[in-house]
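Trainee: pasting the sequence and the predicted model now:
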Amino acid sequence: MSSRRNFRVWRGDRAGGEFSNYAIEVDEGMVVLDAIHRIQAEQAADLAVRWNCKAGKCGSCSVEINGKPKLSCMTRMNSFAPDATISVQPLKAFPVIKDLVSDVSWNYEQNKKIPPFKPRARGADGKHRMLQRDVDRVQEFRKCIECYLCQNVCHILRDHDKKNSFVGPRFMIRLASLEMHPLDSADRLPAIKGEFGSGLCNITRCCTEVCPEHINITDNGIIPLKERVVDRFYDPLLWLACKFFSANRRS
Amino acid sequence: MRDTAVQGGHEIGFAANLRGDAWWLAPLLTFIGLSAFGIYATWAAFQGGYYWHGSYLSPFYSPPLFIDPAAPGAAPLSHAWFGAWPSWWPKFLPASPALLILIFPLSFRATCYYYRKAYYRAYFATPPACAVTALPQKDYRGETRLFLIQNLHRYALYAALVFIFILYYDAFAAFFRDGELGVGVGSVVLLINATLLALYTMGCHSLRHLIGGRLDSFSCGAVCGKLSHTAWKKVSCLNKNHMLFAWLSLFWVGFTDFYVRLAAMGVITDFNTWD
């Protein structure tokens, strides 16, 4: 059964724009991306929207729906009241290209800055071995689909525009997956504290709340990284112990 | 050309958003809850009396390092760790044992990773809610500079772990009066208090890190690796409910003081097996 629904879709580019109103027939089972496609097909052929898999796995269709960062392909129309007008906007934290499409290339630049996986020496039998219990923890981070909803909702990037000082939750997660990897031997902690800006995160957990893959970004990624930074740079007893033991080793 | 701050239809200004839901409710409730507790705890700490009834000791006053036995509702002097109230104590402050120890639980909660989220949202509005514009700041610095102190959360944890033992001892002692085993409503209240505080403390993010999270591999040996991994899993399990236990323990510790206070003042009767 279909029903007529009202939409406010932001139309414009970097030079400016405004919300345009559309009323369309919405069929049972449709998601917001389907509705956007219907608007595109019936009323606004030049409406720009980025999408790909329509299954919540490619991370392309990130937008803000009624003010909340969401994947439009995973937001069902029956989650809204029948008479509600649905607002759809591009992501706030990144520059608009056109209509609902944002330029997220800044994220790819951050990714390049992260020192890659550096495997430690192989065992005596020439093999690398990992225990399942060691791998379980970092596997959670591999679920990331790079939709950048966490980057978009992070107030450090979104409101304070600290893109020069903070790498954002998505890349804190990537750093965590490398730092906690049982076979990795690279030391990224000075960079995590420094150029990647772990100290700027005040763990208000919005990144975790919007993650469509339900990755516990804050508790399992960012906080463990912050604790590792404390181990290295802020814990006076650990600092003394390191000094003492390294002095003993030298003597 | 339009201002880029409103690009995409995103309005500028504090608390600007297009969310149609009651996003303000959670920070408001947090503000009310934490403020109410803060006001009550401060008032109770400055009373300096009515913290002892029979064998019940208010958790706000435990451990009583020094005791002024002349204060109404004070614990017997024999319960003081270091004897009678010291003469060097400033006259403008009440002789309250709570003032000597509350800094430890306060610092644990103030630097707790859960409460940080709660008060950054409710008091500092950075941000008040997700996708709601944060309070504008000239140069947002997060947990650097003044807030570097948050990095010492693990030291507050060490103190909090000691307090669990002390509060369980108080709960155990609350089942005895003049050497006679018994039970009263207050005994159960104190036992629940110690248990909720233990569940909150044992789910701490810093403990989760120190007990195993700091390791990249749990393969330091069959026994040590398995033990460490098991401990980490258990703490992780409590950690998932850290917010729940943070609020339950906060409410209950305030209620416990309130109960002991009313019983000590004679406002309520403590039902027990001794009287």
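Mentor: Yep, it's here.

Trainee: can you give me phi and psi for A:Glu64?
Mentor: The phi and psi torsions at A:Glu64 (degrees, to the nearest 10) take the values phi -110, psi 120.

Trainee: wait, A:Ser60 touches A:Lys54, no?
Mentor: No. Using CB atoms under 8 Å, A:Ser60 makes no contact with A:Lys54, being 9.4 Å away. Quick note: C-beta positions are derived from backbone N, CA and C, even for glycine.

Trainee: more neighbours: the two, which one.
Mentor: Legend: neighbour count by other CB atoms under 10 Å in any protein chain shown for A:Ser60 and A:Lys54, higher for A:Ser60 (20 against 17).

Trainee: the more buried one: what secondary structure?
Mentor: coil (DSSP: H, G, I helix; E, B strand; the rest coil).

Trainee: contacts only, for it.
Mentor: A:50-53, A:147 (CB atoms under 8 Å, 6 or more residues apart in numbering or on different chains).

Trainee: distance from the chain centre to the longest helix along chain A, please.
Mentor: The residue-count maximum for a helix in chain A (DSSP state H) belongs to helix A:236-250. Averaging C-alpha positions (CA atoms, centre = their mean, to the nearest Å) puts helix A:236-250 38 Å from its chain's average.

Trainee: alpha carbons only: can I get it in CSV?
Mentor: C-alpha atoms of helix A:236-250 as CSV (Å, rounded to 0.1, in the frame of the first residue of the first chain):
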residue,chain,number,x,y,z
PRO,A,236,54.3,9.0,36.6
LEU,A,237,54.7,5.6,38.2
LEU,A,238,55.1,3.8,34.9
TRP,A,239,57.5,6.5,33.8
LEU,A,240,59.6,6.0,36.9
ALA,A,241,59.5,2.2,36.5
CYS,A,242,60.6,2.5,32.8
LYS,A,243,63.5,4.8,33.9
PHE,A,244,64.5,2.5,36.7
PHE,A,245,64.4,-0.7,34.6
SER,A,246,66.1,0.8,31.6
ALA,A,247,68.9,2.2,34.0
ASN,A,248,69.2,-1.3,35.5
ARG,A,249,69.5,-2.9,32.1
ARG,A,250,72.2,-0.4,31.1
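
Trainee: contacts for that helix, please.
Mentor: With CB under 8 Å, 6+ apart as the test, helix A:236-250 has contacts from A:Asp231.

Trainee: one more: stretch B:99-116?
Mentor: A:202-203, A:219, A:223, B:34, B:41, B:45-46, B:60-63, B:65-66, B:93, B:143, B:149-150, B:152-153, B:156-157, B:159-160, B:163, B:201, B:204-206, B:242-243, B:246, B:250, B:253.

Trainee: and that stretch, which residues are buried?
Mentor: Across stretch B:99-116, burial judged by 16 or more other CB atoms under 10 Å in any protein chain shown covers B:99-102, B:105, B:107-109, B:111-116.

Trainee: ditto for stretch A:114-126
Mentor: By neighbour count with 16+ other CB under 10 Å, stretch A:114-126 contains the buried residues A:Ile114.

Trainee: is chain B within reach of it?
Mentor: No. Legend: contact between stretch A:114-126 and chain B by CB under 8 Å from any CB of the partner chain is lacking; minimum distance shown is 9.8 Å.

Trainee: so what touches that stretch?
Mentor: Contacting residues not belonging to stretch A:114-126 are listed as A:128-129, A:167, A:171, A:174-175, A:178, A:181, A:183-186, A:188, A:191, A:196 [CB under 8 Å, 6+ apart].

Trainee: so which elements touch whichever strand or helix holds A:Lys226?
Mentor: A:Lys226 is part of helix A:223-229 when elements are defined by DSSP states H and E. Judged by 3 or more CB pairs under 8 Å, 6 or more residues apart in numbering or on different chains; DSSP states H and E, helix A:223-229 is in contact with helix A:169-179, helix A:189-193, helix B:205-208.

Trainee: sorry, back to before: out of the contacts of stretch A:114-126, who's the most crowded?
Mentor: Among the contacts of stretch A:114-126, the one with the most neighbours (other CB under 10 Å) is A:Val167, at 27 neighbours.

Trainee: contacting residues for that one?
Mentor: A:Val167 sits next to A:110, A:113-114, A:175, A:195-197 when contact means CB under 8 Å, 6+ apart.

Trainee: which of those residues sits closest to chain B?
Mentor: A:Gly197 (7.8 Å; CB to the nearest CB).

Trainee: excluding chain neighbours, what is closest to the closest one?
Mentor: Ranked by CB to CB, 6 or more residues apart in numbering or on different chains and with sequence neighbours excluded, the top spatial neighbour of A:Gly197 is A:Phe166, at 3.8 Å.

Trainee: surely that neighbour touches A:Leu200?
Mentor: Yes. Contact criterion CB under 8 Å: A:Phe166 and A:Leu200 qualify, at 4.5 Å.
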